[in-house]
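> need the 3D shape of this:
(chains A, B, C and D)
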There are 4 protein chains.
Amino acid sequence: MMGAVDSVKHLRQIVADLHRELTRYGLVIWTAGNVSARVPGEDLMVIKPSGVSYDDLSPDTMVVTDLHGNLVEGELAPSSDTAAHAYVYRHMPEVGGVVHTHSPYATAWAARGEPIPCVLTMIADEFGGEIPVGPFALIGDDSIGRGIVDTLRDSRSPAVLMRSHGPFTVGRDARSAVKAAVMVEDVARTVHFAHQLGTPDAIDAAAVDRLYERYQNVYGQ
Amino acid sequence: MMGAVDSVKHLRQIVADLHRELTRYGLVIWTAGNVSARVPGEDLMVIKPSGVSYDDLSPDTMVVTDLHGNLVEGELAPSSDTAAHAYVYRHMPEVGGVVHTHSPYATAWAARGEPIPCVLTMIADEFGGEIPVGPFALIGDDSIGRGIVDTLRDSRSPAVLMRSHGPFTVGRDARSAVKAAVMVEDVARTVHFAHQLGTPDAIDAAAVDRLYERYQNVYGQ
Amino acid sequence: MMGAVDSVKHLRQIVADLHRELTRYGLVIWTAGNVSARVPGEDLMVIKPSGVSYDDLSPDTMVVTDLHGNLVEGELAPSSDTAAHAYVYRHMPEVGGVVHTHSPYATAWAARGEPIPCVLTMIADEFGGEIPVGPFALIGDDSIGRGIVDTLRDSRSPAVLMRSHGPFTVGRDARSAVKAAVMVEDVARTVHFAHQLGTPDAIDAAAVDRLYERYQNVYGQ
Amino acid sequence: MMGAVDSVKHLRQIVADLHRELTRYGLVIWTAGNVSARVPGEDLMVIKPSGVSYDDLSPDTMVVTDLHGNLVEGELAPSSDTAAHAYVYRHMPEVGGVVHTHSPYATAWAARGEPIPCVLTMIADEFGGEIPVGPFALIGDDSIGRGIVDTLRDSRSPAVLMRSHGPFTVGRDARSAVKAAVMVEDVARTVHFAHQLGTPDAIDAAAVDRLYERYQNVYGQ
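Next comes the predicted model:
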């Protein structure tokens, strides 16, 4: 079993590397998106520093905070979204990773305050139903975190579209949360395209359940 | 003539490499798409393992199954779409390669259950007419495979848009099936754009036939 | 002054290299687009071989034909669009380069048979007015070439949108024709976006003339 | 403190490098966009040469002009937009960098002459309200520069959408102006998507003010 020090060192590498998936899939521009990971067994998280270019991210530039967003380790100020990540970790103990982006199609649904309907097998597989909208909330206190947690509690979805803002995703670890961020943009885009020229049928609830159960239990290695 | 062992080794390389065309053209995200190839003269196929990142694919990670999807060779579980690929190989002896993606524009047509009309010379060349829609089918038995085969039998198209799911394509070998996957997304996109601002005219049936005959027989080396 | 042999050798390199601009700007997929260059002072052209992947293009794989499309030099069959390129060179002596793509936004305008209106200073600069539509023409004889030439003769535009097919562009040399291919897709896309949410105003004819004159005479080194 | 010679040398490198951000984010094609930087304490600016490919830009190819656009240093003719950059530096002493692109979504709003409404927290953060439209102006005198300055004076936005033309952005230095060019295209795109399927709500003015104040003062290191 890894000690806390080893674990933090390992997570610095993982979290730094996972930001590359955000740029690879076009989910972020400039410095506008962030990944964090909970340190297992500790009241700590590893998160991106604020306003630092993705080209300049490395394990050493990552910062460690407690679960109230106070800086514990690192030279740089943590992401301006740290309070929202911390709130999620405090209130959702099963969550090990959080991601925030302003990926364009998901954010367009968020701008309209419209959930993404479950019209694709991929949405049933990964999100278990429609992808919900969270409230409009200003940065600066626990409003965003509370909006995320309150919305995700009523849903099987690991993604919430925060109104007029953008998507937040969660997962059992940081990689799963990044996967959900990639997936929510992909389905936001495809369903956007589908709606531009008509209205696709929703998949019926029983089929959604069967797809979700299978994917969560059978898919992968 | 290559023996079965050499042939499998060669196809592992080809199938692994062809997945790079899926990422190059933006047809897949994360692990959500797969290529397979029939082993000539054997009741075997080479296919992508389930849930493995495209960065981590290599000839060694490919898996070999029989044409009922049973694992014959390989350390990893085969793609969750293996049953659909296997059904196609069992029922379409002329097919040597199968590809499945959720490429966004093709999947948007699939979400609406709307065939892509033959309004471009490129569609006449490659697909010989409109690109058809297959039924909604749940994963887990032969439903998807049967939907693919039943739809393609009535068409010159190497691509079918499986309803609420995404495109499957076939070819005489894996490379041809990948080409069809690239082409179906390209024309799905262009025709989507054309429809957004009007209604393009269909090409008349006689011209479609002439274009298809010429392209299938004269194009290339 | 270069002799014909040196000139052909040089143009093989230039034409091979220019195909990379087509892939860089996403104007082509698989093998579906081609660049040619007239050999100055000779009744010859250098053109892409048919059905060869852009990754595999090199000066040596380029082919040389006369201006009726007959193979003069090279191991591979010339592009299936060779007759159209050749017709343009025979009938437009000022043209030194021809490019054909199926770039998606330009092809969407071509599918609707709708010219791209001159609503951007960049269109006035480069195209001197709206970008015209050419007739629907089948491959196999001089119909496509004649459609290109007849349309461009009435226009300052170096680009024509061949109906239900895609754009062809011309230039004083191959690089200029490639630039026009890049530009026509860019403005096709921007004007598509503009039209999706309203109707942009056309730039008045006097301003178009002033922009065109200045850009053609002052821009660049 | 750096002398003027060192400062110019340093800015040649910075300005050359920043053009890579324009290509990375797809804001420019061919040679159609440019970055400049004011030389601190001098009536000089460093700017891209006219019509030179982004691949061929280097510190040595950058040109230095005075703030009336007269060439002071460099072998190449300055950007055809030099007069507009120069006008901005003469009339907005707080501006240290200017960027011009024809990025497609921002230019689509410019083509319609429609400001981008403040419907996303990211717009409030970076632009402090809607992104304004400037007048239609022909190149060749101070019209474009005057249009930029007159529009930005009434706004907190560092970006203006010049009618039928494209975006110009400013910043305290060239990097900030490039960031604004990246951001304006990103939000132009997301709001375009949002408007395609409905009408997003504007963020109320008090919330816009709070977001803008916080972002300008707290974000980053």
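> longest helix in chain A, please.
Using DSSP state H to define each element, chain A has its longest helix at helix A:174-196.
> specify the beta-bridge partners of the spatially most central residue of chain A.
In chain A, the residue lying closest to the centroid (C-alpha atoms, centre = their mean) is residue A:169, at 2.1 Å. According to DSSP bridges, the residues that bridge with residue A:169 are residue A:99, residue A:159.
> state the pLDDT value of it.
Residue A:169 carries a pLDDT value of 98.
> next one: the one 5 residues further on
Among the per-residue scores, residue A:174 shows a pLDDT of 98.
> how about it, nearest residue that isn't a chain neighbour?
In this structure, residue A:174 finds its nearest non-sequential neighbour in residue A:97, 3.3 Å apart by C-beta to C-beta, 6 or more residues apart in numbering or on different chains. For the C-beta atoms, the positions are set from N, CA and C on the backbone; glycine is no exception.
> just checking, the one you found touches residue A:170?
Yes. Applying C-beta atoms under 8 Å as the test, residue A:97 and residue A:170 come out as touching, 6.8 Å apart.
> re earlier: which ones are touching the residue nearest to the centre of chain A?
Contact partners of residue A:169, counting by C-beta atoms under 8 Å, 6 or more residues apart in numbering or on different chains, are A:98-100, A:158-160, A:177-178, A:180-181, A:184.
> ok, now with 7 Å
A:99, A:158-159, A:177, A:180-181, A:184 (C-beta atoms under 7 Å, 6 or more residues apart in numbering or on different chains).
> closest to chain D out of those?
residue A:184 (14.2 Å; C-beta to the nearest C-beta).
> what sits against the closest one?
Contact analysis of residue A:184 by C-beta under 7 Å, 6+ apart lists A:106, A:131, A:159, A:167, A:169.
> relative to chain D, which of these is nearest.
Taking these together and measuring to chain D by C-beta to the nearest C-beta, the closest member is residue A:106, at 9.3 Å.
> surely that closest one touches residue A:162?
No. If you go by C-beta atoms under 7 Å, residue A:106 and residue A:162 don't touch, sitting 9.9 Å apart.
> how long is stretch A:54-69 end to end?
This stretch, stretch A:54-69, spans 21 Å end to end (C-alpha to C-alpha, to the nearest Å).
> could you do stretch A:161-173 as well?
Counting by C-alpha to C-alpha, you get 20 Å between the two ends of stretch A:161-173.
> and that stretch, what's buried?
By 16 or more other C-beta atoms under 10 Å in any protein chain shown, the buried positions in stretch A:161-173 come out as A:161-171, A:173.
> give me the pLDDT value at residue A:218.
78.
> so, low pLDDT: which residues of chain A?
Applying pLDDT under 70 to chain A flags the ranges A:1-2.
> residue of it closest to chain B, please.
Among all residues of chain A, residue A:220 sits closest to chain B, at 2.9 Å; criterion: C-beta to the nearest C-beta.
> isn't that residue up against residue B:51?
Yes. Residue A:220 is in contact with residue B:51 according to C-beta under 7 Å; the separation is 2.9 Å.
> looking at these two, which is more packed in?
residue B:51 (17 against 14; other C-beta atoms under 10 Å in any protein chain shown).
> okay, now residue A:4: neighbour count?
For residue A:4, using other C-beta under 10 Å, the count is 12.
> quick one, phi/psi of the nearest residue to it once chain neighbours are set aside?
For residue A:4, ignoring the flanking residues on the chain, the nearest one in space by C-beta to C-beta, 6+ apart is residue A:42 at 5.3 Å. The phi and psi values for residue A:42, taken as degrees, to the nearest 10, are phi -120, psi 160.
> quickly note the distance from residue A:42 to residue A:19.
As judged by C-beta to C-beta, to the nearest Å, residue A:42 and residue A:19 stand 22 Å apart.
> now swap in residue A:25 and tell me
In this view, residue A:25 and residue A:19 are 11 Å apart by C-beta to C-beta.
> just the element for the closest residue to residue A:128 other than its chain neighbours, please.
In space, and not counting its chain neighbours, residue A:128 is closest to residue A:156: 3.2 Å by C-beta to C-beta, 6+ apart. Per DSSP states H and E, residue A:156 falls between elements, in no helix or strand.
> repeat for residue A:19
Assigned by DSSP H and E, residue A:19 falls in helix A:4-24.
> go on, residue A:119?
Using DSSP H and E, residue A:119 falls within no helix or strand.
> list the contacts for the nearest residue to it once chain neighbours are set aside?
With C-beta to C-beta, 6+ apart as the criterion, residue A:119 has its nearest non-adjacent residue at 4.1 Å, and that residue is residue A:200. If a contact means C-beta under 7 Å, 6+ apart, then residue A:200 has A:119, A:194, B:111-112 as its contacts.
> of the residues you listed, buried ones?
Buried among those by 16+ other C-beta under 10 Å: A:119, A:194, B:111-112.
> so for the residue of chain A found nearest chain D, what's the nearest residue that isn't a sequence neighbour?
In chain A, the residue that lies nearest chain D is residue A:51 (2.9 Å; C-beta to the nearest C-beta). Nearest non-adjacent residue to residue A:51, counting by C-beta to C-beta, 6+ apart: residue D:220, 2.9 Å away.
> ok, which pair from the buried residues of stretch A:161-173 is furthest apart?
Greatest spatial distance among those (C-beta to C-beta): A:164 and A:173, at 29.1 Å.
> what does chain A have sitting close to chain B?
Those residues of chain A that sit near chain B, judged by C-beta under 7 Å from any C-beta of the partner chain, are A:25, A:119-122, A:179, A:182-183, A:186, A:189-191, A:193-194, A:196-198, A:200, A:203, A:207, A:210-211, A:214, A:218-221.
> write the PyMOL selection for whichever of those are buried.
Filtering the residues of chain A next to chain B down to the buried ones (16+ other C-beta under 10 Å) takes a single PyMOL command:
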select buried, chain A and resi 25+119+120+121+122+179+182+183+186+189+190+191+193+194+196+200+203+207+211+214+219
